[in-house]
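J.: Provide a 3D model corresponding to the input given below.
(one chain, ligands or ions: 1)
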Amino acid sequence: MRSDEIRSRFLKFFEKRGHAIIPAAPLVPENDPSVLFNTAGMQPLVPYLMGGKHPAGTRLADSQKCVRTIDIDEVGDSTHCTFFEMLGNWSLGDYFKEDAIRWSYEFLTNKTEGLGLDPTRLYVTVFAGDENAEKDTEAFDIWKKVGVPENRIYFKGADSNWWPAVKNGKDSWTGPTGPCSEMFYDVTEKGLGDMTVEEYNQADAKQQVVEVWNDVFMEFEKKEGKIVGKLAQKNVDTGAGLERLCMVLQKTDSVFDTDLFDTILGKVNEFSISDDVRVKRIVADHIRTAVFLIGDGVLPSNTDQGYVLRRILRRAVRFADVLGMKHGSLFWLAGAVIEKFGPVYGNLSEKAEYIKKEVDTEEQKFRKTLEQGLKEFNNVTTVQLNKQPFLKMLDPQAVFRLYTSYGFPFELIVEIAKERGFDVDDLAFRRDMEAHQSLSRAGAEKKFKGGLADTDEMSLKYHTATHLLHQALRDVLGTHVQQKGSNITAERLRFDFAHTAKMTDDEKKKVEDIVNEKISAGLPMQVVELDKSEAEKVGALHFFGDKYGEKVTVYFIGDSVQTAYSKEFCGGPHVKNTLELAGPEGKWKFKIAKEEAVSAGVRRIKAVLV
Ligand code: SER
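T.: Predicted structure coming up:
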């Protein structure tokens, strides 16, 4: 079933059940300055979920355009996109759990009106209960009644079955909220059959089951992350990612292999000399997002939404070059996006020429500095290699110059640096950014990072956690473990290291236990300036060479640099004591969220403090 058919079946199904089909809201929220883009279908409806009267009534459905850039560096894998469509139906104080669940089930499984998915491949989760709300036995009973066997209904906690989910113990959500029930579909060839909750969790981790829909029962209100009571009305908010549904129904291994990308990737393939699938996907994704953004009135600029668009387009230009496309190709790629989505989103067809022209103008603008910037890049790396052959960290001043004078978006600098065997010090960059806060870009940069005021505080925690992790990995796996790369956001740390084998669960657990033990030991993080030879003598780790000449700064975790658990050449900054990693209430634990290969002999860990 093609994407157009899925979208229109969804809307027809709910129209028949009394829902008004409302047009998708523009990607840029109209009255909500706290976010740059709509990131979920319900976002434009918040005032109505809070009790406001919607002109179209109390039953609504739509297909909402969303943009999320937080995982931009994951685009190119099988599921991440910066633009996606979310199908949703809403009850504003009208029906509640009974109808919401029954219709979800019917739409997913009914062959004539719905998607005709195999009911024996369906699994659902419901809320297990906590101090905020009781165990959702009502949803459990309804699922049973509509036909899902009870051993395929799992009770799960708030981290997965509450919306919005609380991530890393941080919650600043203000608005409607509630427990949710999620539907998963078995995409394995043989079929998984009955599973215990442990088996189900494993299947989920291995992406053998894919989340296809989420029903949120919104009857609570949060202010600044705290439940302040019940709403005046009970609402339903559902969301199904169209890209995921297409993947499941079209039995493809990635969203990029669904029909949503056929026209766009067709053009990308036609124009490319290289066969790099990941890079092709990035270009296709970015151009699609750019077209929708311009269609909704955003233009490339140096602030807020405009700057996000600029970054996306400039990244697309650079990757188009990597694929060997001719200059000016983005104009035609934009045309392919409009050809595909214009019939559904009329504004794209109406503004087709304007959108293509704006894409082209930004490409030309970036080309004016791209070539010079790449020359500058070559100069910097050549000079650095001659002067300090073992220094892998790119001169932070050069990084900042590429950013300010040549218009290179930060992650592009990181990517190009990596291609040439260099690392970029993102904390130094952030420090430089802060020093230049008067630049309007700085505001956009912060929002781009997720709009968190305390971004820097979390980054410090993750930076210190990275040092602990590094040492713990050496303890558990051996001293061949060396840092190969590190990237820190307010949400997580990402650490690349030399090691060939996949880590076993036991090894991961050991590493987590060590890090958590060091956190709860409340060890001081201290810094000392030493002669390089002295620092080497005490065994301080240094894999990026030394960026401070003969004198180096060594950060160590413990009472003295001689006996410290971890010691590394590093520029900081860090927390003062490892206890800070346990969060304000001392409850957070260090957890490895993912461990995977990134290239031959290099593994990648993503870890969180939750
Ligand atoms: N708001 C919920 C989500 O984004 C359901 O639409 O998953």
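J.: please count neighbours and contacts with C-alpha atoms only from this point.
T.: Will do.
J.: any idea whether the residue of the stretch 101-250 of the chain found nearest the ligand is helix, strand or coil?
T.: Per Cα to the nearest ligand atom, the residue of the stretch 101-250 of the chain with the smallest distance to the ligand is residue 239, at 3.2 Å. At residue 239 the chain is in strand, as set by DSSP: H, G, I helix; E, B strand; the rest coil.
J.: how about the residues of the stretch 101-250 of the chain by the ligand?
T.: 214-216, 237-239 (Cα under 6 Å from any ligand atom).
J.: centroid residue for this structure?
T.: In the chain, the C-alpha nearest the mean C-alpha coordinate belongs to residue 71, at 2.8 Å (Cα atoms, centre = their mean).
J.: and the pLDDT at it?
T.: If you check residue 71, the pLDDT there is 82.
J.: now do the contacts for it.
T.: Applying Cα atoms under 8 Å, 6 or more residues apart in numbering, we find residue 71 in contact with 80, 82.
J.: any idea how far residue 458 is from the residue in the stretch 251-400 of the chain positioned nearest to the ligand?
T.: Here the stretch 251-400 of the chain gets closest to the ligand at one residue, residue 255, 17.9 Å apart by Cα to the nearest ligand atom. For residue 255, the distance to residue 458 (Cα to Cα, to the nearest Å) stands at 32 Å.
J.: what's the answer for residue 594, then?
T.: 19 Å.
J.: repeat that for residue 381.
T.: 31 Å.
J.: in stretch 344-356, which residues are buried?
T.: Residues of stretch 344-356 classed as buried by neighbour count (16 or more other Cα atoms under 10 Å): 345, 348-349, 351-352, 355-356.
J.: now do stretch 472-491
T.: 472-473, 477, 481-483, 485-491.
J.: what mean pLDDT does that stretch have?
T.: 87.
J.: ok, residue 284 - contacts?
T.: 261, 264-265, 268, 333.
J.: and for residue 208?
T.: Per Cα under 8 Å, 6+ apart, neighbours of residue 208: 186-188.
J.: inside strands: which ones of these?
T.: residue 186 (DSSP state E).
J.: now which of the contacts of residue 208 would you call buried?
T.: Buried among the contacts of residue 208 by 16+ other Cα under 10 Å: 186-187.
J.: neighbours around residue 309, how many?
T.: By other Cα atoms under 10 Å, 26 other residues sit near residue 309.
J.: secondary structure class for it?
T.: Under three-state DSSP, residue 309 comes out as helix.
J.: so it touches residue 293, yeah?
T.: Yes: applying Cα atoms under 8 Å as the test, residue 309 and residue 293 come out as touching, 7.2 Å apart.
J.: quick check: neighbours shared by the two?
T.: By Cα under 8 Å, 6+ apart, the residues touching both residue 309 and residue 293 are residue 299.
J.: from the ligand, how far off is the residue lying closest to residue 85 once chain neighbours are set aside?
T.: With sequence-adjacent residues excluded and distances taken as Cα to Cα, 6 or more residues apart in numbering, residue 85 is closest to residue 65, at 4.8 Å. Going from residue 65 to the ligand by Cα to the nearest ligand atom, to the nearest Å gives 12 Å.
J.: does residue 65 lie in a helix or a strand, and which?
T.: strand 59-67 (DSSP states H and E).
J.: which helices and strands does that strand pack with?
T.: helix 3-16, strand 20-21, strand 83-92 (3 or more Cα pairs under 8 Å, 6 or more residues apart in numbering; DSSP states H and E).
J.: hmm, try it at 10 Å
T.: Counting by 3 or more Cα pairs under 10 Å, 6 or more residues apart in numbering; DSSP states H and E, the packing neighbours recorded for strand 59-67 are helix 3-16, strand 20-21, strand 83-92, strand 226-241, helix 277-295.
J.: so where's this protein uncertain?
T.: 31-33, 437-456, 543-551, 571 (pLDDT under 70).
J.: you'd agree residue 575 is in a strand?
T.: No: Residue 575: not assigned to a strand; according to three-state DSSP it is coil.
J.: does it really touch residue 524, like I thought?
T.: Yes: counting by Cα atoms under 10 Å, residue 524 is a contact partner of residue 575 at 8.6 Å.
J.: quick one: which of these two has more around it?
T.: residue 575 (21 against 18).
J.: name the nearest residue to residue 183, sequence neighbours excluded.
T.: Nearest one to residue 183, counting by Cα to Cα, 6+ apart, is residue 124 at 4.5 Å.
J.: now the one you found: which helix or strand?
T.: strand 122-127.
J.: and for residue 578, the neighbour number?
T.: That count, for residue 578 with other Cα under 10 Å as the rule, works out to 25.
J.: what do you get for residue 604?
T.: By other Cα under 10 Å, the residues close to residue 604 number 21.
J.: likewise for residue 182?
T.: Residue 182, neighbours per other Cα under 10 Å, totals 23.
J.: list phi and psi for it.
T.: phi -110, psi 150 (degrees, to the nearest 10).
J.: ok, it - contacts?
T.: By Cα atoms under 10 Å, 6 or more residues apart in numbering, the residues touching residue 182 are 123-127, 153-154, 160-162, 211-216, 238-240.
J.: got it, and residue 38?
T.: 25-30, 32, 44, 64-68.
J.: just to check, residue 540 is in contact with residue 557?
T.: No: between residue 540 and residue 557 there is no contact under Cα under 10 Å: 11.2 Å.
J.: overlap in contacts of these two?
T.: 564, 566-568.
J.: could you dump these to JSON lines with neighbour count, distance to the ligand and secondary structure?
T.: Shown next, in JSON lines, are the shared contacts of residue 540 and residue 557 (neighbours: other Cα atoms under 10 Å; distance: Cα to the nearest ligand atom, whole Å; DSSP: H, G, I helix; E, B strand; the rest coil):
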{"residue": "564", "neighbour count": "18", "distance to the ligand": "45", "secondary structure": "coil"}
{"residue": "566", "neighbour count": "22", "distance to the ligand": "41", "secondary structure": "strand"}
{"residue": "567", "neighbour count": "26", "distance to the ligand": "42", "secondary structure": "strand"}
{"residue": "568", "neighbour count": "22", "distance to the ligand": "41", "secondary structure": "strand"}
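J.: what's near enough to touch residue 344?
T.: Taking Cα under 10 Å, 6+ apart, we find residue 344 in contact with 4, 7-8, 338.
J.: who in the protein is up against the ligand?
T.: 40-42, 214-216, 237-239.
J.: give the burial count for residue 261, as a bare number.
T.: 20.
J.: for residue 570, see how far away residue 491 is.
T.: For residue 491 relative to residue 570 (Cα to Cα), the value is 22 Å.
J.: what's the longest helix in this protein?
T.: helix 352-387 (DSSP state H).
J.: could you give the angle of that helix to helix 277-295?
T.: 130 degrees (axes from the mean of the first three to the mean of the last three Cα atoms, to 10 degrees).
J.: name the helices or strands packed onto helix 352-387?
T.: Going by 3+ Cα pairs under 10 Å, 6+ apart, helix 352-387 lies up against helix 277-295, helix 304-322, helix 329-341, helix 346-350, helix 396-405, helix 410-419.
J.: please identify the most buried of those.
T.: helix 277-295 (a mean of 24; mean count of other Cα atoms under 10 Å).
J.: and the angle from that helix to strand 83-92?
T.: Counting by the same axes, to 10 degrees, helix 277-295 points 50 degrees away from the direction of strand 83-92.
J.: CA atoms only: put helix 277-295 into CSV for me.
T.: The C-alpha coordinates for helix 277-295 follow below in CSV (Å, rounded to 0.1, in the frame of the first residue of the first chain):
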residue,chain,number,x,y,z
VAL,A,277,23.8,5.1,0.1
ARG,A,278,24.1,7.0,3.4
VAL,A,279,25.1,10.3,1.7
LYS,A,280,22.3,9.9,-0.8
ARG,A,281,19.7,9.5,2.0
ILE,A,282,21.1,12.6,3.7
VAL,A,283,20.7,14.7,0.6
ALA,A,284,17.2,13.3,0.0
ASP,A,285,16.1,13.9,3.5
HIS,A,286,17.5,17.4,3.7
ILE,A,287,16.1,18.6,0.4
ARG,A,288,12.7,17.3,1.4
THR,A,289,12.8,19.2,4.7
ALA,A,290,14.1,22.3,3.0
VAL,A,291,11.3,22.3,0.5
PHE,A,292,8.6,21.9,3.2
LEU,A,293,10.2,24.7,5.3
ILE,A,294,10.3,27.1,2.4
GLY,A,295,6.8,26.1,1.4
